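K.L.:
got a sequence here, can you model it:
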Amino acid sequence: MMAAQVTICDVGPRDGLQNEADTLPPETRAALVNRLASTGLRSIEAVSFVSAERVPQMGGAEEVVRALERRDGVVYSGLVLNEKGYERLLAAGLEAVHFTLGATETFNRRNANRSVDESVAELGRIQTDLPVSVSISVSFGCPFEGRVDPDTILRLAERCVAAGAGEIVFADTVGVGVPGQARHLVSMAKDLGLPVGVHLHNTRNTGFANAYAALEAGATVFEASVGGLGGCPFAPRATGNIATEDLVYLLHGEGVETGIDLDGLIGVAQWLEGVLGRDLPGQVYRAGAAVEG
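P.N.:
Down below sits the predicted model:
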């Protein structure tokens with residue numbers, strides 16, 4: 001049975017923009033978050049507290065946070081890789097922690113400059129009363145090590161829960177997954193006893209099929225990016241996330257409650273298209289939410 005209600009977290013201001021050639025100023029990035037919050041989204045990943053030298057597109061995170069127009073009912077989160085990032089998040093005043101680590105040693109060293117064990121230890125050092133969501137990158141396959149054993153991923157998820165995770169998100173960082181994988185991972189993880197979700201990229205045009213399979217398996221959290229922007233600077237050939245408005249169109253058509261104004265979300269994608277000066281990968285924002293006539 002499908003979930004009657006899900007939470008969609010828009011990661012466009014972070015994952016969507018981190019792979020762009022141009023670095024948008026903090027005020028523009030804050031404007032994107034504010035526009036997204038106006039659509040009824042209850043969860044937005046607003047910034048990333050990582051090194052601006054390694055990911056210049058995410059520089060000035062504190063400035064972005066200061067420019068936010070906070071809305072009641074919206075959880076504003078930031079991505080962190082370690083305790084130092086968490087301390088910056090806490091000082092900035094965000095409401096939730098998004099911690100990420102890779103499922104393979106090679107990817108984690110390239111992304112976080114440490115081993116998987118060291119990342120789990122970093123997670124354990126983050127002692128907080130804030131909600132902590134842990135995303136396990138390359139859960140569906142690694143660009144450096146290939147296929148990843150689902151049992152290995154589940155054991156890593158269990159270790160993350162023991163270290164303080166209150167939510168687990170399986171990330172298809174390079175978009176290699178197929179629906180059977182999504183269904184299997186989510187089904188296995190339900191025994192963890194906490195919310196389970198997916199973060200999907202549409203690199204090989206399977207992202208939405210994977211989202212539907214995850215929904216069928218009981219996933220209640222979905223990360224997506226307005227306009228379908230995104231990619232990982234440390235993952236070769238990674239392309240955009242599934243588009244938030246496309247996902248919302250699919251879910252609403254299936255009778256799944258999101259609380260999101262689809263027309264408003266389309267408007268944000270159209271605005272972002274103007275900001276970036278090019279067509280975005282998403283489809284619903286160009287085709288419309290309904291057949292005309």
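K.L.:
pLDDT weak spots in the stretch 1-150 of the chain?
P.N.:
Scanning the stretch 1-150 of the chain for pLDDT under 70 picks out the ranges 1-4.
K.L.:
repeat that with 90
P.N.:
For the stretch 1-150 of the chain, applying pLDDT under 90 flags the ranges 1-5, 19, 21-22, 54.
K.L.:
and the strands in it?
P.N.:
Here the stretch 1-150 of the chain has its strands, by DSSP state E, counting those that start in this stretch, at 7-10, 43-48, 75-80, 96-102, 132-137.
K.L.:
for the fourth one, buried residues please.
P.N.:
In this case it means strand 96-102. Across strand 96-102, burial judged by 16 or more other Cβ atoms under 10 Å covers A96, V97, H98, F99, T100, L101, G102. Every residue, glycine included, has its C-beta placed from N, CA and C.
K.L.:
which of the strands of the stretch 1-150 of the chain sits most buried?
P.N.:
Ranked by mean neighbour count, the strands of the stretch 1-150 of the chain are led by strand 43-48 with a mean of 28 (mean count of other Cβ atoms under 10 Å).
K.L.:
now do the one helix or strand Y212 maps to: which elements does it pack against?
P.N.:
Element membership of Y212 [criterion: DSSP states H and E] is helix 207-217. On a contact count with 3 or more Cβ pairs under 8 Å, 6 or more residues apart in numbering; DSSP states H and E, helix 207-217 meets helix 179-189, strand 196-200, strand 221-224, helix 244-253.
K.L.:
in stretch 247-256, which residues are buried?
P.N.:
Buried positions in stretch 247-256, judged by neighbour count with 16+ other Cβ under 10 Å: L247, V248, Y249, L250, L251, V256.
K.L.:
contacting residues around that stretch?
P.N.:
2-6, 8, 208, 211-212, 215, 222, 224, 258, 260, 262, 265, 284, 289 (Cβ atoms under 8 Å, 6 or more residues apart in numbering).
K.L.:
same thing with stretch 210-218?
P.N.:
Residues outside stretch 210-218 that contact it (Cβ under 8 Å, 6+ apart) are 2-3, 6, 140, 172, 177-187, 190, 196-198, 200, 222, 242, 247, 250-251, 254, 256.
K.L.:
drop anything exposed from those.
P.N.:
Taking 16+ other Cβ under 10 Å as the criterion, what is buried in the contacts of stretch 210-218 is 3, 6, 140, 172, 177, 179, 181-183, 185-187, 196-198, 200, 222, 242, 247, 250-251, 256.
K.L.:
now do stretch 235-243, average pLDDT.
P.N.:
On average, the pLDDT along stretch 235-243 is 82.
K.L.:
show residues contacting it.
P.N.:
By Cβ under 8 Å, 6+ apart, stretch 235-243 touches 11-12, 15-16, 19, 107, 138, 143, 173-175, 199-203, 207-208, 211, 223-232, 269, 280-285.
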